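*Asks:* Any chance you can model this:
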Amino acid sequence: MATAYGSLPFREQIAFFRQKLNLPTRSYTDIQGAQHDQAFVVAGAMKADLLADLRTAVDRVVAEGIGFEAFKADFKGIAAKHGWAYTGGSNWRAQVIYETNLNQSYNAGREVQMADPALRKRRPFGLYKHYASPNERPEHVAWDGMVVALDDPWWSSHSPANGWGCKCKKFMVSARDVERRGLTVTPGPPIDYEDRVIGKRSGNPQTVRVPKGIDPGFQYAPGRRFHPNLDKYPEPIARGVVAQNLRTGVFERWHQSIESRVAAARPQPELVDLPKPALIRALRQRLAQQEQFAVAVLSPANRELLAVKTQTVHVSDYDLIKQAVSREGQEMAASDYFQVQRVIDEASVVIRESEAITVWVRRGDDYLQVVLQQTESGQGLYLKSFRRSSPKDVARERKRASSKGYPVLKDEG
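*Replies:* Coordinates of the predicted model:
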């Protein structure tokens, strides 16, 4: 695959690859799916200098368009230099690294282009094209020629590549293209899931649930989102990952995709007259894809204050769907989520009610309010609500906490 159009480098592909962070891993099961969006990993490459050299070699592939034979020579030289005893033959291992990084960075660059609102307005549909590969999947063949709206949730798990060695592509098409080529626009087909066991050879087998026809690790749209297990990393590194994710536009595109899907679904006749709680339930059933995004990292002091086990705060599509409905009129944009970290770090008032923790920080004459909730296992911490609040609201919650006996963990008046 070329990394340029004519003599022009594919800027979005190069930018996507270069914003990744190097993360040492023991096995390819250490991170999954969309975690690859901003993590450069090579399974078994645990040493920082080894991973850095491999990163440089792959960068030449993406940015300069060097071919496989040149990369294979680089790969063998790097492995010999570091005395790296990798698994598999050198040709096979080099090919997996070469093709996976080249194909997925290309696909991510295309996703960035396809997220452009002006371009989407002109070409709102996606065309799935299957191309022959050594490992043919009958599902990919069946999807060939399908035209599905780009904001259909089906693309969240079925945007190519959809497996090892998969050559399928996704193209934007306009209504005129559809008519001229005799195509038909359809909703994304129902998704059947299956359980697959991965990591058997690594000694760390895991069961993952994926759509049929999609290899484990490929059940996401490259470049759309990233949610690594940041609890494995020191707080400063985890904070850097979160800040970078929020800056690069990945979160904003994900957030906008959810809000646009909610807006598109609400006028449907069976939903339009539902009371708010029933509407939220119906929208979650239709739209939630079990996606999440890290938006803040707790300091050790705040973990102790809040009595939580995890340092990472995630927001899920399940909760963003509710927020899109419940926060109407507050005009909270994706860019406002940068402030979640500040609300937690600079909290004025913190009240705990069972597993729910409400945090306020003063902003001028008003407050920003964050509600966090720990999972029953204690291994997850989620942003359940993020909104503006008034001094009257805070005073009411103080009074309520006092009457109910809820602990006030912090109160600066």
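*Asks:* Quick check, Gly199 in contact with Pro216.
*Replies:* No: with contact defined as Cβ atoms under 8 Å, Gly199 and Pro216 do not form a contacting pair (9.2 Å). Yep, even glycine has a C-beta here, placed from its N, CA and C like the rest.
*Asks:* okay, and the common contacts of the two?
*Replies:* Common contacts of Gly199 and Pro216 (Cβ atoms under 8 Å, 6 or more residues apart in numbering): none found.
*Asks:* who's more crowded, those two?
*Replies:* Between Gly199 and Pro216, Pro216 has the larger neighbour count (other Cβ atoms under 10 Å), namely 21 against 17.
*Asks:* For the more buried one, which residues are in contact?
*Replies:* Listed by Cβ under 8 Å, 6+ apart, the contact partners of Pro216 are 32, 196, 198, 208, 210.
*Asks:* how close does the second one get to Ala142?
*Replies:* Per Cβ to Cβ, to the nearest Å, Arg196 is found 19 Å from Ala142.
*Asks:* go on, the fourth one?
*Replies:* As defined by Cβ to Cβ, Val208 lies at a distance of 22 Å from Ala142.
*Asks:* So for these two, which sits in the more crowded spot?
*Replies:* Val208 (16 against 13).
*Asks:* Isn't the more buried one up against Tyr193?
*Replies:* No: here Val208 lies out of contact with Tyr193, judged by Cβ under 8 Å, at a distance of 10.1 Å.
*Asks:* need the contact list for Leu230.
*Replies:* When contacts are counted by Cβ under 8 Å, 6+ apart, Leu230 touches 238, 241-242, 294, 297, 311-312.
*Asks:* ok, 6 Å please
*Replies:* With contact taken as Cβ atoms under 6 Å, 6 or more residues apart in numbering, Leu230 is in contact with 238, 294, 312.
*Asks:* And for Ser389?
*Replies:* So Ser389 contacts 367, 369 (Cβ under 6 Å, 6+ apart).
*Asks:* try 10 Å this time
*Replies:* Contact analysis of Ser389 by Cβ atoms under 10 Å, 6 or more residues apart in numbering lists 349, 358, 360-363, 366-370, 396-397.
*Asks:* what does stretch 179-195 rub up against?
*Replies:* 124-128, 139, 142-143, 145-149, 152-158, 173-175, 177-178, 207-214, 216, 219, 289.
*Asks:* If any of those are buried, put those into a ChimeraX selection.
*Replies:* Listed next is the ChimeraX selection for buried residues among the contacts of stretch 179-195, using 16 or more other Cβ atoms under 10 Å:
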select :124,125,126,127,128,139,143,146,147,148,149,152,153,154,155,156,157,158,173,178,208,210,211,213,214,216,219,289
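*Asks:* other SSEs contacting the longest helix seen in the chain?
*Replies:* Using DSSP state H to define each element, the chain has its longest helix at helix 90-114. For helix 90-114, the elements it packs on are helix 11-18, helix 48-64, helix 68-82, strand 169-173, helix 250-265, judged by 3 or more Cβ pairs under 10 Å, 6 or more residues apart in numbering; DSSP states H and E.
*Asks:* Please save the CA atoms from the fourth one in PDB.
*Replies:* Once side chains and other backbone atoms are set aside, the C-alpha atoms of strand 169-173 remain, and they are given as PDB (Å, rounded to 0.1, in the frame of the first residue of the first chain):
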ATOM      1  CA  LYS A 169     -11.700  -0.900   2.300                       C
ATOM      2  CA  LYS A 170     -14.300   1.700   3.100                       C
ATOM      3  CA  PHE A 171     -15.100   4.500   0.700                       C
ATOM      4  CA  MET A 172     -17.300   7.700   1.100                       C
ATOM      5  CA  VAL A 173     -20.000   8.000  -1.500                       C
END
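*Asks:* can you give me how far the helix or strand following that strand is from the chain middle?
*Replies:* Once the chain leaves strand 169-173, the next helix or strand it forms, by DSSP states H and E, is helix 175-180. The chain centre lies 32 Å from the centre of helix 175-180; the measure is Cα atoms, centre = their mean, to the nearest Å.
*Asks:* Can you give the strand pairings for whichever helix or strand comes after helix 175-180, parallel or anti for each?
*Replies:* Per DSSP H and E, the first helix or strand lying C-terminal to helix 175-180 is strand 193-198. The pairing partners recorded for strand 193-198 under DSSP bridges are strand 206-211 (antiparallel).
*Asks:* what bits of this structure have low per-residue confidence?
*Replies:* Per-residue confidence for the chain (pLDDT under 70) gives these ranges: 1-9, 27-35, 38, 202-204, 223-229, 248-250, 327-331.
*Asks:* mind giving me the domain split of it?
*Replies:* Annotated domains of the chain cover 1-114, 115-191, 230-411 [automatic domain parsing].
*Asks:* May I have the distance across the last one, first residue to last?
*Replies:* If I follow you right, that is domain 230-411. For domain 230-411, the first and last residues are 29 Å from each other (Cα to Cα, to the nearest Å).
*Asks:* May I see the buried residues of stretch 387-402?
*Replies:* Of all the residues in stretch 387-402, those buried under the rule 16+ other Cβ under 10 Å are 387, 389, 394, 397, 401.
*Asks:* host element of the third one?
*Replies:* Val394 belongs to helix 391-404 when elements are defined using DSSP H and E.
*Asks:* Over to Ala296?
*Replies:* Using DSSP H and E, Ala296 sits in strand 292-297.
*Asks:* What is the distance between that strand and the centre of its chain?
*Replies:* What separates the centre of strand 292-297 from the centre of its chain is 10 Å, taken as Cα atoms, centre = their mean.
*Asks:* same check, this time on stretch 291-298
*Replies:* That offset, for stretch 291-298, works out to 10 Å (Cα atoms, centre = their mean).
*Asks:* Cys166: neighbour count?
*Replies:* Under the neighbour criterion other Cβ under 10 Å, Cys166 is assigned a count of 23.
*Asks:* Check whether it really touches Tyr128, as I assumed.
*Replies:* No: in this structure Cys166 lies outside contact range of Tyr128 using Cβ atoms under 10 Å: 11.6 Å.
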